[in-house]
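In: missing the sequence, but the structure's below:
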Ligand SMILES: Nc1nc2c(ncn2[C@@H]2O[C@H](COP(=O)(O)OP(=O)(O)OP(=O)(O)O)[C@@H](O)[C@H]2O)c(=O)[nH]1
Ligand SMILES: [Mg+2]
């Protein structure tokens, strides 16, 4: 799973990227333009920690999301540069908008959060519109008679064109699964799910009050987005503390976890992702799948051989393990489920796949 970090210049994108991935890329009060940073963020999960404490495997592996941090997008940039910057996140499955609310006279940049969101939306929309119109023009000008396939494509693109021209994201339009497949090759930006990180000052974070709050709630709701508040500066300070100091600091703020842990979890959830776990002497591991995935496909995540030679999945519920304390007890109580290929995997399932190749 890959998420692109998008925002206008100097909103705190690279700062957040560093916090998410544990890297130390340069941040500055001057715009970074065309840089691209790639890194992996761990999805912290108490459950895998518990599994690990129970069985002491040699290795514990958390679920992970890849983040790509790109240069700021400002309306003044030449179109060619904007296209180049966006192309760095063309293959991302979702977008994280970093919207700045903190004020800092030393750091230039757009202050109005609604203007920032609208700007980003507008740029994404334009990118898709350009692609749609170019393709439509080529089809219409074609000297050859259009094939049936091309006629179908044209009809879908006409609807895209209409929607985008009406300021609608493609995610807001209705397409059948088949139609989505037909246009997936264009790698459009506006069907991607969006998560908004509101980068607040410490004061705004503590008081939960900041400019345009109600309007932002509305924008998030209307666009089917997810949003959360964070404070980049404070997160930096938190990340530099020792673990027990960190806990005290968070408790003082009335929080259970850091904003970065929250952010990675919100992304996970908004994308409809869940985790299942595998346990062995060597490794306790969290695997990421979409909600609704069948057992045999989940097996394929672990190894293609296991998918191919799938016999059955032995599934324990995480909650039963918490209650009963061991896999042995779960078996004794008859709570270990034996499932076939089509079983739907639930969040927190602990799975042992039986296979034969
Ligand atoms: N006061 C304050 N400053 C911040 C915060 N987050 C980032 N900054 C500062 O803002 C400046 C820009 O931060 P970056 O993380 O580089 O921002 P960016 O969005 O990656 O910038 P570009 O890539 O140039 O568009 C730096 O000087 C940061 O120290 C914050 O939450 N509060
Ligand atoms: Mg940056």
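Out: Right, received. Where do you want to start? Because the structure is predicted, anything quoted here is derived from the model rather than measured. Ligands and ions are numbered 1, 2, ... in the order given.
In: give the contact list for the residue of the stretch 201-350 of the chain found nearest ligand 1.
Out: Here the stretch 201-350 of the chain gets closest to ligand 1 at one residue, residue 232, 3.2 Å apart by CB to the nearest ligand atom. (Each C-beta comes from the backbone N, C-alpha and C, glycine too.) By CB atoms under 8 Å, 6 or more residues apart in numbering, residue 232 lies in contact with 12, 15-16, 19, 102, 199.
In: please work out which residues outside stretch 103-111 touch it.
Out: Against stretch 103-111 from outside (CB under 8 Å, 6+ apart): 8-11, 29, 72, 74, 100-101, 116, 119, 201, 211.
In: what's the end-to-end length of that stretch?
Out: Stretch 103-111 has its terminal residues 7 Å apart, counting by CA to CA, to the nearest Å.
In: any idea how far that stretch is from the chain center?
Out: Taking CA atoms, centre = their mean, to the nearest Å, the mean C-alpha location of stretch 103-111 is offset from the chain mean by 27 Å.
In: show me the contacts of residue 232 that map onto helices.
Out: In this view, those that belong to helices under DSSP state H are 15-16, 19.
In: re the thing from before, show me which of the contacts of stretch 103-111 is closest to ligand 1.
Out: Using CB to the nearest ligand atom, these come closest to ligand 1 at residue 72, 2.7 Å.
In: ramachandran coordinates for the residue nearest to the closest one when sequence neighbours are not counted?
Out: Leaving aside its sequence neighbours, residue 72 sits nearest to residue 9 (CB to CB, 6 or more residues apart in numbering; 3.0 Å). In terms of degrees, to the nearest 10, the main-chain angles of residue 9 are phi -60, psi 140.
In: chain neighbours aside, what residue packs nearest to the closest residue to ligand 2 within the chain?
Out: Nearest residue of the chain to ligand 2 (CB to the ion) works out as residue 14 at 3.2 Å. Distances taken as CB to CB, 6+ apart put residue 27 closest to residue 14, at 4.7 Å, once the chain neighbours are dropped.
In: sec struct for that neighbour, please.
Out: coil (DSSP: H, G, I helix; E, B strand; the rest coil).
In: for it, grab phi and psi.
Out: phi -120, psi 150.
In: contact partners for it?
Out: Here residue 27 is in contact with 12, 14-15, 18 (CB under 8 Å, 6+ apart).
In: among these, which are in reach of ligand 1?
Out: Among those, proximity to ligand 1 is found for 12, 14-15 (CB under 6 Å from any ligand atom).
In: which among those residues gets closest to residue 112?
Out: Set against residue 112, the nearest of those by CB to CB is residue 12 (15.6 Å).
In: quick one: distance of stretch 148-155 to the chain centre.
Out: Using CA atoms, centre = their mean, the offset of stretch 148-155 from its chain centre is 32 Å.
In: buried residues in that stretch?
Out: residue 153 (16 or more other CB atoms under 10 Å).
In: one more: stretch 209-223?
Out: 210, 212, 216, 219-220, 223.
In: domains of this structure?
Out: 2-111+192-270, 120-186, 292-355 (automatic domain parsing).
In: centre of the chain versus the first one, how much separation?
Out: On the basis of CA atoms, centre = their mean, domain 2-111+192-270 sits 11 Å off its chain's mean C-alpha point.
In: quick one: mean pLDDT for that domain?
Out: Domain 2-111+192-270 carries an average pLDDT of 92.
In: middle-most residue in this structure, spatially?
Out: residue 267 (4.2 Å; CA atoms, centre = their mean).
In: so that one makes contact with residue 94?
Out: Yes: using CB atoms under 8 Å, residue 267 is in contact with residue 94, at 6.9 Å.
In: if I look at those two, which residues touch both of them?
Out: Contacts common to residue 267 and residue 94, judged by CB under 8 Å, 6+ apart, are 3, 195.
In: now do the strands in the stretch 151-300 of the chain.
Out: Using DSSP state E, counting those that start in this stretch, the strands found in the stretch 151-300 of the chain span residues 194-199, 226-230, 273-279, 283-290.
In: tally of neighbours for residue 57?
Out: Residues near residue 57, counting by other CB atoms under 10 Å, number 16.
In: quick check: phi and psi on it?
Out: According to degrees, to the nearest 10, residue 57 has phi -70, psi 160.
In: how about it: what's its closest non-neighbour residue?
Out: Residue 57 sits nearest to residue 284 (CB to CB, 6+ apart), 4.7 Å away.
In: go ahead and confirm the one you found touches residue 50.
Out: No: shown here, residue 284 and residue 50 do not form a contact pair, counting by CB under 8 Å, at 9.4 Å.
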